[in-house]
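Visitor: Just a sequence and a predicted model for now, questions to come.
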Amino acid sequence: MKQIISKSLQDMLSKEVILFVLKLGFISFAITLFLTWNMWGAMAGLITTYLSWIPWAWLQTSGATVATFSVAYMFFIIIVALLTSLFSEKLLIDLAKKRYPDIPVVGSADITTSILLTLKASVIFLLLFIITLPLLFIPLFGQVVLLYLWSVLLKEPTIYDVGALFIDDKTVLKTKKKRTRVLAMIAALFNYVPFLNIFAPVYAQILFLHHILKEEQ
């Protein structure tokens with residue numbers, strides 16, 4: 001695990017990864033700004049209505065504003081994850097060739113499947129986020145819950161995007177997937193820091209890349 005994290009952090013500091021992430025981050029921010037600018041009133045109204053049944057007065061006032069910003073932030077994270085899933089294949093192959101030159105590329109992620117998996121994970125993530133929203137205001141406990149929710153957004157799409165490139169045996173891929181929850185949660189830690197959150201999806205992919213390929217050597 002330490003070796004996987006160490007290699008992944010080194011790859012994150014490479015010029016190609018940083019430029020890739022900054023480009024997608026800018027596009028994601030522009031899309032999020034457009035959506036929230038046009039949907040802010042509706043979002044705020046829905047969240048205020050949802051929180052009205054909770055017997056915490058502060059949560060129904062200032063908490064509603066914070067929750068609305070949080071939802072907008074979640075949309076941004078989802079868009080970054082979706083764009084990373086769609087456009088990271090070449091980057092992953094280049095990184096794999098540098099670290100594991102003897103391991104061949106055996107396939108390619110299907111774009112439709114990548115989109116569907118990311119959208120499925122996004123819907124589950126948003127539903128769980130809305131259901132557990134009051135819990136997120138509980139110190140420490142809420143942060144752990146949120147970290148798990150972010151890992152839900154990352155895990156399934158990432159294991160598919162990375163695994164499709166190097167593993168053609170579905171049984172093997174299924175086995176490796178069982179050990180990736182912790183890796184997804186480690187990558188999700190980036191989401192706690194504004195700006196650095198744009199690195200979370202690609203960091204998850206790099207972690208999964210090393211997790212898969214180090215065992216193939």
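Guide: Ah, there it is.

Visitor: those helices in the protein, which residues are they?
Guide: Applying DSSP state H to the chain gives helices spanning 2-12, 15-51, 57-60, 62-87, 89-99, 111-131, 141-166, 170-177, 181-188, 200-213.

Visitor: between the fifth one and helix 141-166, how big is the angle?
Guide: Angular relation of helix 89-99 and helix 141-166 on a 0 to 180 degree scale: 80 degrees, by axes from the mean of the first three to the mean of the last three C-alpha atoms, to 10 degrees.

Visitor: Now do helix 89-99, average pLDDT.
Guide: Averaging pLDDT along helix 89-99 gives 92.

Visitor: same question, the third one
Guide: When pLDDT is averaged over helix 57-60, the result is 52.

Visitor: correct me, but Q3 touches H211?
Guide: No - using C-beta atoms under 8 Å, Q3 makes no contact with H211, being 10.2 Å away. All C-beta spots, glycine's among them, are computed from the backbone N, C-alpha and C.

Visitor: out of these two, which sits in the more crowded spot?
Guide: The neighbour comparison of Q3 against H211 (other C-beta atoms under 10 Å) goes to H211, with 19 against 9.

Visitor: Could you double-check that the more buried one sits in contact with R181?
Guide: No - H211 is not in contact with R181 according to C-beta under 8 Å; the separation is 11.5 Å.

Visitor: if we can go back for a sec, packed most tightly, which of the helices of the chain would that be?
Guide: Ranked by mean neighbour count under mean count of other C-beta atoms under 10 Å, the helices of the chain are led by helix 200-213, which reaches a mean of 26.

Visitor: Pull the contacting residues for K97.
Guide: If you count contacts by C-beta atoms under 8 Å, 6 or more residues apart in numbering, K97 has none.

Visitor: in this protein, which segments are predicted with low confidence?
Guide: For the chain, residues meeting the criterion pLDDT under 70 lie at 40-68, 215-217.

Visitor: now the residue nearest to R179 when sequence neighbours are not counted: how far from I31?
Guide: Leaving aside its sequence neighbours, R179 sits nearest to H211 (C-beta to C-beta, 6 or more residues apart in numbering; 7.3 Å). Distance of H211 to I31, given as C-beta to C-beta, to the nearest Å: 30 Å.
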